[in-house]
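>>> Take this sequence and fold it.
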Amino acid sequence: MSLHQIFADDIRALRQGAGGHVRHPEGLRTIRLADRATRSLSPVLIEAEPGSGASALARAIHLASDRKAKPFTVLRSEELLRPGVDQEELLHDRLRDGHGGSLCIEDIQCLSPAAQSRLLDALAQQEGTRRPARLDMRIIATTGLTLSDEVRSGRFRESLYYRFQIQPIILRPLRMEPGLIDEWARAFLRIFAREEGKSLVDLTPEALDLLAGYDWPGNLRQLENAVYRAVALADGPLLTPAEFPQVAARAGRGRIDIPSLPETRAPAPAYDRLLPQMQDAGTLALMSACGEMRTLAELEAEVIRFALSHYRGQMSAISRRLGIGRSTLYRKLKELGLSDEAA
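Numbers count the residues shown, from 1 in each chain. The predicted structure follows:
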């Protein structure tokens, strides 16, 4: 399970009257808006700071909808901003490939004027006002900017902006929702404890106080990573401030000694065992043991193995960070004999 699955479970729980695991009123409001978006073909705009989970919420809307068995296609800002890319053609390909499902356009403000016109035409098809074909796709966009400012500056089309104002969703940063931090921390704790095979049950009041006192500039993704590291360090039923040394240092709480790793560890996932045996995981050896330069093929294979381990088998994250398409990534994994591990 990951962040998008938590959001999807919240939407389903809300429908069943359970309200999801997020009890804070603002959190419930977000889930209600997301639930409404699953029932409509109107364009959805998610406004959020980096790390707030905008793309995860977009995927959750797809998973909780009647389109969950159809493609969920993502157009990433890295692809849009790649030198020499034809944004119009790229958008056209995504619209074609994701027909019947959902398309998430990350950082929609990165679309060129021509690509914005292409998207506007596609939305007109969706409403049945353009012929010959009606577009059958839920379009979800994310942005970390205030799009109204982009409209005023002339960088974003006003007509397209108003199309996305039908169902806007705002994900507030964690520093503005301190009441959500303990709920999210406990949710991540349950996930990672299960994955690591540990009998962790909660965080101590002191640990929760530490997390609540930090402003979390990286938002949910930063909190998720912090809890993951804490679970890996933990050797007891509760997470304490000792398992969050980096948070304590950044929050000005002084130094906290990091506990030693427990002797008995749960078996590592298959993709963790693929990590190249390097003295420093942040370096890449350019020379072979016999003093010769290693081939590009060898270096590429090592980078892919490292990415498979570092991102814990998450194909979307791996393809995005390596700057290659998912189809290319799967082909390279097959060539390296890593398809089974990736699956």
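>>> model confidence over stretch 312-331, on average?
Averaging pLDDT along stretch 312-331 gives 81.
>>> nope, stretch 193-211 is what I meant
Computed over stretch 193-211, the average pLDDT equals 92.
>>> Show me which positions of that stretch end up buried.
For stretch 193-211, the neighbour count (16 or more other Cβ atoms under 10 Å) marks 193, 198, 200, 203, 207-208, 210-211 as buried. Every residue, glycine included, has its C-beta placed from N, CA and C.
>>> Residues in contact with that stretch: which ones?
By Cβ atoms under 8 Å, 6 or more residues apart in numbering, the residues outside stretch 193-211 that reach it are 181-182, 185-186, 189, 223, 226, 231-232, 234, 236-241, 243-244, 247-248, 251, 253, 266.
>>> how's the protein carved up into domains?
3-172, 176-250, 270-342 (automatic domain parsing).
>>> For D136, give me the pLDDT.
pLDDT, read off for D136, is 86.
>>> Sorry, slip of the keys, the one I care about is G154.
pLDDT at G154 comes out at 95.
>>> cool, the one 5 residues further on as well?
Residue-level confidence at S159 comes out at 95, pLDDT.
>>> so it, which of the three states?
Of the three states, S159 takes helix according to DSSP: H, G, I helix; E, B strand; the rest coil.
>>> thinking again about what came up before, would you check which pair of the buried residues of stretch 193-211 lies furthest apart?
K198 and L210 (20.0 Å; Cβ to Cβ).
>>> Give me the residue ranges of the stretch 1-150 of the chain where confidence is low.
1, 18-26, 128-134 (pLDDT under 70).
>>> before we move on, back to that, between the buried residues of stretch 193-211, which is closest to A13?
A193 (20.3 Å).
>>> so what's Q246 up against?
226, 229.
>>> Alpha carbons of the host helix or strand of it, as CSV, please.
Using DSSP states H and E, Q246 falls within helix 245-250. Extracted in CSV, the C-alpha atoms of helix 245-250 (Å, rounded to 0.1, in the frame of the first residue of the first chain):
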residue,chain,number,x,y,z
PRO,A,245,17.0,12.1,14.7
GLN,A,246,16.8,14.1,11.5
VAL,A,247,13.5,15.7,12.4
ALA,A,248,14.8,16.5,15.9
ALA,A,249,17.8,18.2,14.4
ARG,A,250,15.9,20.3,11.9
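>>> distance between that helix and the chain's centre?
24 Å (Cα atoms, centre = their mean, to the nearest Å).
>>> can you check stretch 139-153 too?
That offset, for stretch 139-153, works out to 19 Å (Cα atoms, centre = their mean).
>>> same question, stretch 319-331
With Cα atoms, centre = their mean, you get 16 Å for stretch 319-331.
>>> which residues are in contact with that stretch?
76, 78, 82, 303-304, 307, 311, 315-316, 318, 332, 339, 342.
>>> got it, and stretch 84-100?
67, 70-73, 75, 79-80, 103, 105, 111-112, 114-115, 118-119, 122, 135-137.
>>> Using ChimeraX, make a named selection holding only the buried ones among the residues you listed.
Entered in ChimeraX, the line below selects the buried ones among those, by 16+ other Cβ under 10 Å:
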select :67,70,72,73,75,79,80,103,105,111,115,118,119,122,135,137
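>>> Among the contacts of stretch 84-100, name the ones in helices.
Counted as lying in helices by DSSP state H, out of these, are 79-80, 114-115, 118-119, 122.
>>> Name the nearest of the residues you listed relative to I169.
Nearest member of the ones in helices among the contacts of stretch 84-100 to I169, counting by Cβ to Cβ, is L119, at 18.6 Å.
>>> My understanding was that the closest one contacts S112; is that so?
No - with contact defined as Cβ atoms under 8 Å, L119 does not count as touching S112 (10.5 Å).
>>> what's A187 sitting at in phi/psi?
In terms of degrees, to the nearest 10, the main-chain angles of A187 are phi -60, psi -50.
>>> burial count for R157?
A count of nearby residues for R157, using other Cβ atoms under 10 Å, gives 17.
>>> Q167 contacts S42, correct?
Yes - the criterion here is Cβ under 8 Å, and Q167 meets it with S42 at 5.3 Å.
>>> how about the strands in the stretch 101-250 of the chain?
102-105, 138-143, 167-171, 202-203, 238-239 (DSSP state E, counting those that start in this stretch).
>>> For the first one, which strands pair with it and how are they oriented?
Pointing back at strand 102-105 there. strand 72-75 (parallel), strand 138-143 (parallel) (DSSP bridges).
>>> residues in contact with it?
Contacts of strand 102-105 (Cβ under 8 Å, 6+ apart): 55, 58-59, 61-62, 65, 67, 70-75, 91, 94-95, 111, 119, 137-142.
>>> quick one: low-confidence ranges for the stretch 201-343 of the chain?
In the stretch 201-343 of the chain (pLDDT under 70), the answer is 253-285, 287-292, 339-343.
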